[in-house]
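> Need coordinates for the below:
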Amino acid sequence: MKNYFIVIGLLVFISFGCSGKESVKPSADALLATEAYNRIDVIKNTYLLKDTGTLRGLIDAKLAESILEDLRFEKAELSFTPGMVRITSESVIVSVSWQGIWKIAKKKDINNRGTANLILYKENMKLVKIDGDNPFIIPLTRE
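Residues are numbered from 1 along each chain as shown. From the prediction side, this is the model:
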């Protein structure tokens, strides 16, 4: 019986001891990484909707022009699997693996996948560069 009270006492102690009301606040880097993930998701969805005006605001002008030239698909699906985030003094670099399917008029679907580093300018979270396989360009097809 004495052991029973000891076990119950320990359980009560543990349950009250582990139920602290303080929550852990995320670090500035964690918040920046979350903001980068969210921005990339917005860019992806804007690309899929072919919203050229919004894309111009989210992407560096030179990069935006090459992407906007290639918006000739009828419908596309694009999924990202984010990986590591690196934060430098001027940029946030998000490594992603991606898969895409593009439907172009009267042609069969084009499937592609790849990996890329999406580089965002830290100050305004604008996409300034893509190193690796660009997920926003329709892959070449052989006819």
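
> Alpha carbons of stretch 25-35, in CSV - could you do that?
Listed next in CSV are the C-alpha coordinates belonging to stretch 25-35 (Å, rounded to 0.1, in the frame of the first residue of the first chain):
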residue,chain,number,x,y,z
LYS,A,25,9.4,31.5,-28.1
PRO,A,26,10.8,30.8,-31.5
SER,A,27,14.2,32.4,-32.3
ALA,A,28,14.6,35.1,-34.9
ASP,A,29,16.1,32.6,-37.3
ALA,A,30,13.2,30.2,-36.9
LEU,A,31,10.8,33.1,-37.6
LEU,A,32,12.8,34.1,-40.7
ALA,A,33,12.8,30.5,-42.0
THR,A,34,9.1,30.2,-41.5
GLU,A,35,8.6,33.5,-43.4
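
> how about it: buried residues?
Across stretch 25-35, burial judged by 16 or more other Cβ atoms under 10 Å covers 32-33. Just so you know, the C-beta spots here come from the backbone N, C-alpha and C atoms, and that holds for glycine as well.

> Centre of the chain to it, how far?
How far stretch 25-35 lies from its chain's middle: 14 Å, per Cα atoms, centre = their mean, to the nearest Å.

> Run through the neighbouring helices and strands of the strand or helix carrying Tyr37.
Secondary structure from DSSP states H and E places Tyr37 in helix 28-48. When contacts are defined as 3 or more Cβ pairs under 8 Å, 6 or more residues apart in numbering; DSSP states H and E, helix 28-48 sits against helix 52-58, strand 75-87, strand 91-103, strand 110-121, strand 126-132.

> Thank you, goodbye.
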